[in-house]
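[1] build me a model:
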Amino acid sequence: LELVQQVSLSPDAADYGAEISIGPGGEHVYASSRGSGIILVYRLTEDDKLEKVQEFYLGGTWPRHFAIKGEMMVVADQRGDSAQLVTINKDTGMLYGGDMVKTGEQPAFVCFVD
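    Coordinates of the predicted model:
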């Protein structure tokens, strides 16, 4: 393996990375950062590099896991005992919206069920 690029997972060095996922079109990469409670959105460039396009601040601070289906993302906030539903713009990959719902204690995994 060869390191070709290193990117930040948070503007705060004290944060912890959690989940990394490729968006449905394969053009965007999403990474969660626990502490500040953000999802970073990266665009995959033509030369296979990541370019940051957004820091989306969540309603909670500890996004343990997230799942993507189509234009929807659900994020488990482990320390906030909640989940947040976020919309993905299909053209830009950027995130917006985000209603919060209470969950059981310390949700650590979320998924979509057909």
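
[2] how near is the residue positioned nearest the centre of the chain to residue 24?
    The centroid of the chain falls nearest to residue 39 when counting by Cα atoms, centre = their mean (3.7 Å). Distance of residue 39 to residue 24, computed by Cβ to Cβ, to the nearest Å: 15 Å. For glycine as for every other residue, the C-beta is placed from the backbone atoms N, C-alpha and C.

[3] same question, residue 67
    Computed as Cβ to Cβ, the residue 67 to residue 24 distance reads 12 Å.

[4] list the contacts for residue 71?
    Going by Cβ atoms under 8 Å, 6 or more residues apart in numbering, residue 71 touches 24, 87-90.

[5] which residue, neighbours along the chain excluded, lies closest to it?
    Counting by Cβ to Cβ, 6 or more residues apart in numbering, residue 88 is the residue found nearest to residue 71 once chain neighbours are left out, at 4.9 Å.

[6] quick check: that neighbour touching residue 67?
    No - counting by Cβ atoms under 8 Å, residue 88 stays clear of residue 67, with 11.7 Å between them.

[7] neighbour count winner among the two?
    A count of neighbours by other Cβ atoms under 10 Å puts residue 88 above the other of residue 88 and residue 67, at 23 against 16.

[8] and that one, its phi and psi?
    Dihedral angles of residue 88 (phi, psi; degrees, to the nearest 10) stand at phi -110, psi 130.

[9] let me know the pLDDT of it.
    The per-residue pLDDT reported for residue 88 equals 97.

[10] mind listing what it touches?
    Residue 88 makes contact with 23-24, 68, 70-73, 94-95 under the criterion Cβ under 8 Å, 6+ apart.

[11] with respect to residue 114, which of those residues is nearest?
    Distance to residue 114 across these (Cβ to Cβ) is lowest for residue 70, with 11.5 Å.

[12] the closest one and residue 87, how far apart?
    Distance, residue 70 to residue 87, by Cβ to Cβ: 10 Å.

[13] between these two, who's got more neighbours?
    The neighbour count for residue 70 versus residue 87, taken as other Cβ under 10 Å, is higher for residue 87 (15 against 10).

[14] what pairs with the helix or strand containing the more buried one, parallel or antiparallel?
    Per DSSP states H and E, residue 87 falls inside strand 82-88. In the sheet, strand 82-88 lines up against strand 72-77 (antiparallel), strand 95-102 (antiparallel) (DSSP bridges).
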